[in-house]
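[1] I'll drop the sequence and a predicted model, then ask my questions.
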Amino acid sequence: MKKTLLAEFTAKPGCEEQVAALVADFALLVRAEPGNLAFDVHRKASEPRAYWIFEQYRDEA
């Protein structure tokens, strides 16, 4: 059975660029993990500091 995760968070004011860089770097690492099917980063259009991250893996392992 697939394992799906959804994370939601908001970057602190003044940390937007640092968070964007960290998320981009982390996405590359996670997408390279065995069993990773998706790691999608979404930012809210009306609040660019707000993130939603969708992860999906082949299974629990």
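    Received, thanks. Numbering: from 1, shown residues only.

[2] And the host helix or strand of Ala38, what does it pack against?
    Using DSSP states H and E, Ala38 sits within strand 36-44. Strand 36-44 sits against helix 16-31, strand 47-57, with contacts defined as 3 or more C-beta pairs under 8 Å, 6 or more residues apart in numbering; DSSP states H and E. C-beta: built from backbone N, CA, C; applies to glycine.

[3] Give the partner strands of it in its sheet and their orientations.
    Sheet pairing of strand 36-44 (DSSP bridges) gives strand 47-57 (antiparallel).

[4] which residues touch Arg43?
    With contact taken as C-beta atoms under 8 Å, 6 or more residues apart in numbering, Arg43 is in contact with Ala50, Tyr51, Trp52.

[5] about what we covered before: average pLDDT across the strand holding Ala38?
    Summarised as a single mean, pLDDT over strand 36-44 is 97.

[6] Would you mark the buried spots in that strand?
    Buried residues in strand 36-44, counting neighbours by 16 or more other C-beta atoms under 10 Å, are found at Phe39.

[7] And stretch 54-61, by the same measure?
    Glu55, Tyr57.

[8] Show residues contacting that stretch.
    Contacts of stretch 54-61 (C-beta under 8 Å, 6+ apart): 1-7, 30, 33, 35-40, 42.
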